[in-house]
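Need coordinates for the below:
(2 chains)
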Amino acid sequence: MPARVDPLPDAGSGQLGRLILRRLATDRTARVGLALVVVCAVAALLGPTLAPSDPLAISTDRLHGPELHHLLGTDGLGRDLLSRLLHGARLTLGSATIAAALVTVIGLVIGTVAGYAGGLADTVLMRLVDVVLAIPGLVLALAVAGLFTPSLLSVMLALVTVWWAGSARTVRSLALSLRERPFVEAARATGAGQWRVVTRHILPGVISPVVVLATLEIGQLVLVISSLSFLGLGAPPPTPEWGAMLNDGRVYFLSNPHVVLVPGLAISVAVAGFNLLGDGIRDALDPRLASVPARPSWFGRRHRAPATGDGPTGPRRPDRHRFTRS
Amino acid sequence: MTRYVVERVAWLLVSLLSVSVITFGLGVLAPGDPAEVVLEHRLNQPPPREQVLAQRRLMGLDRPLTAQYLHWLAAASHGDLGHSWLKGLRVSTALGERIPRTAALAAAAAVLAVLIGLPAGILAAVRRGSIADHLCRVGALLAASVPAYFAAYVLILMFAVRLHLLPAFGFGSASNLVLPAVTLALGPAAVLARLTRSTVLETLGEDYVRTARAKGAGTVAVLIGHALRNAMVPLLTVIGLLLGHLLGGSLVVEYVFAWPGMGDLAISAVHARDYPLIQGFVLFAGAVYVVVNFAVDLGYAWLDPRIRTGRRS
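This is a model prediction of the structure:
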């Protein structure tokens, strides 16, 4: 089967970095995205230091609106919302980052094995991927999270169980096409062992685009983590996780909308930052995909099958897979 | 074509089986002994050991997992998903009561998504670079970045609290349906708009469109005859994705708006650790998703002769 999925023509890390930098230099929306992501990263790294007061300290200043003493107001228990937001940045963005890293590592291992080894291993692993993708993501994540007591860890676990499949599929299609490249064949011809071919030739070509994509996926993971927390399956009270903060504020929402608006806007801004940056970089990676939805789905099947057409993943579909070129 | 259909049907069966394995697996992994939970509910106190063992035998829990799975699958294929631990109701009854409500919500949202997304995408493509195009882009970004539950609260604040136009929560009249349906439609509408825009743009650049134009076809004729017809193929794909959106999104939206549908039931089931009910929900949602995607695959072949004949471009 000819590898129809061609990775970036120059998937080497240096080229990729330069491409992304050039994109950031020319694309205004990507720069806005980068700025928002940097703000979020600073909040996550320095949040607890910057926070004016204890995020858990209860006071009698209940449900105050934004004022000089409490810049973003206080919640139903009189806790300072700005402090909670700053502490929560580390929890929400941090858990999304860790989940993205885990998803990437699992995806790299399974995808590389499937793509490079081919044959039975490929068939078995990819059917496993199809099985996971056969159930809408949020539905499965909800059910898996329900197996554990509500905590941020159980939400992350649920996320990883569901999300690895999409990552593995992306890596596989990259590894599959690299396998047929002349330089890999040359390495094999000169007697390089399987391990050496995979670690020296396949992985370097796969890692950089996959890591870039994983970073950009953090926005989506933030959405799902905060959704599950909002539904009461994630961080238990009084944790200042953003989705949980929104859930705390629900009761006071009609009279004091700011308790819901503050965490809601924070989540929206963070996700929008990652989405903007992601769209820009994806365009840089493949200009032909410009303006095609970055994420076909929030909660559904994460990626449609790339156009491999060689299995039960279905016929060729319009290329919405980021790395797919027709 | 026959070969393609046979392949798809085979894949449909495999997918349905995998959904059932995952669902059954969830029940196995669930903490706690089902026999004990059932007895505790019946007796209102921790049951004695012998009674638990007897109950385990009665429920078939002492048999090997494969036997349990086959037994469960046979029952499930007849619509028997067991009893909800907490409500005592049959799972199929509990779900059956909720499904029409979620279906109504999802159908309204799907119609809205198409009514918003399709025209917006066409307008953005035809007037590329115009204000309309930029507005579409911003709208799509917002819809992809704002979590559904937050969008729901903003809509409630605007239309129920400030303008007093629509009821915020509840179920019953048609006006109750508006806000949840709009919230649920936002995400799919954005996906549709972006996809329509890119497809129409792509088609408008094709040689045959230029030929049609050169032969004197007007903009509208080109749009209807060529651009929209070609746009239908990717749009069909989106139907499958859209359904994933709706099934996942209904969880959050029903929770916020107190809409007594399937998602609302599933969330209370998760909180109550009512595994038979959770299993029923996952099985149903997964089966619907798989079957709709199967239908999309067939529709695809019907629209695109290259797939039908097995030739690939």
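
ok so A:Ile207 is a strand residue?
No. Using DSSP: H, G, I helix; E, B strand; the rest coil, the assignment for A:Ile207 is helix, not a strand.

Phi first, then psi, for the residue in the stretch 51-200 of chain A positioned nearest to chain B.
Proximity of the stretch 51-200 of chain A to chain B (Cβ to the nearest Cβ) peaks at A:Leu138, 3.3 Å away. Every C-beta, even on glycine, is put in place using the N, C-alpha and C of the backbone. Per-residue torsions, A:Leu138: phi -70, psi -30 (degrees, to the nearest 10).

my read: it touches A:Val224, true?
Yes. A:Leu138 lies in contact with A:Val224 (Cβ atoms under 8 Å); the separation is 6.6 Å.

who's more crowded, these two?
A:Leu138 (29 against 26; other Cβ atoms under 10 Å in any protein chain shown).

Tell me how many other residues surround the spatially closest residue to the more buried one that is not a sequence neighbour.
Among residues not flanking A:Leu138 along the chain, B:Gly248 sits closest, at 3.3 Å (Cβ to Cβ, 6 or more residues apart in numbering or on different chains). Using other Cβ under 10 Å, B:Gly248 has 28 other residues around it.

would you say B:His164 is within a strand?
No. Counting by three-state DSSP, B:His164 is not part of a strand but coil.

List the contacts of it.
Residues counted as contacts of B:His164 (Cβ atoms under 8 Å, 6 or more residues apart in numbering or on different chains): none.

how close does it sit to A:Val251?
Computed as Cβ to Cβ, to the nearest Å, the B:His164 to A:Val251 distance reads 21 Å.

Can you give me every residue that contacts residue 112?
As the question left the chain open, I've gone with chain A. Taking Cβ under 8 Å, 6+ apart as the test, what A:Thr112 contacts is A:Val171, A:Arg172, A:Ala175, A:Val198, A:Ile202, A:Leu203, A:Val206.

Wait, chain B was what I had in mind.
B:Ala181, B:Val182, B:Ala185, B:Ala189.

Then A:Leu86?
Contacts of A:Leu86 by Cβ under 8 Å, 6+ apart are A:Ala43, A:Gly47, A:Pro48, A:Leu50, A:Ala51, A:Pro55.

Please apply the same query to A:Ile58.
A:Leu77, A:Gly78, A:Arg79.

repeat that for 6 Å
A:Leu77, A:Gly78 (Cβ atoms under 6 Å, 6 or more residues apart in numbering or on different chains).

sec struct for it, please.
coil.

Read off the pLDDT value for it.
A:Ile58 carries a pLDDT value of 73.

Next, give phi and psi for it.
Dihedral angles (degrees, to the nearest 10) for A:Ile58: phi -90, psi 140.

what do you get for A:Glu180?
Given degrees, to the nearest 10, the pair of backbone angles that A:Glu180 has is phi -90, psi 0.

Correct me if wrong: A:Gly205 contacts A:Leu178.
Yes. If you go by Cβ atoms under 6 Å, A:Gly205 and A:Leu178 touch, sitting 4.9 Å apart.

if you count what's nearby, which of those two comes out ahead?
A:Leu178 (25 against 22).

The more buried one: which element?
helix A:152-179 (DSSP states H and E).

before we move on, back to that, the residue nearest to A:Leu138 is in contact with A:Pro136, isn't it?
Yes. Counting by Cβ under 6 Å, A:Pro136 is a contact partner of B:Gly248 at 4.9 Å.

what sits against residue 146?
You didn't pick a chain, so chain A it is. A:Gly146 neighbours (Cβ under 6 Å, 6+ apart): B:Val270, B:Ile278.

oops, chain B please
Contacts of B:Val146 by Cβ under 6 Å, 6+ apart are A:Ser268.
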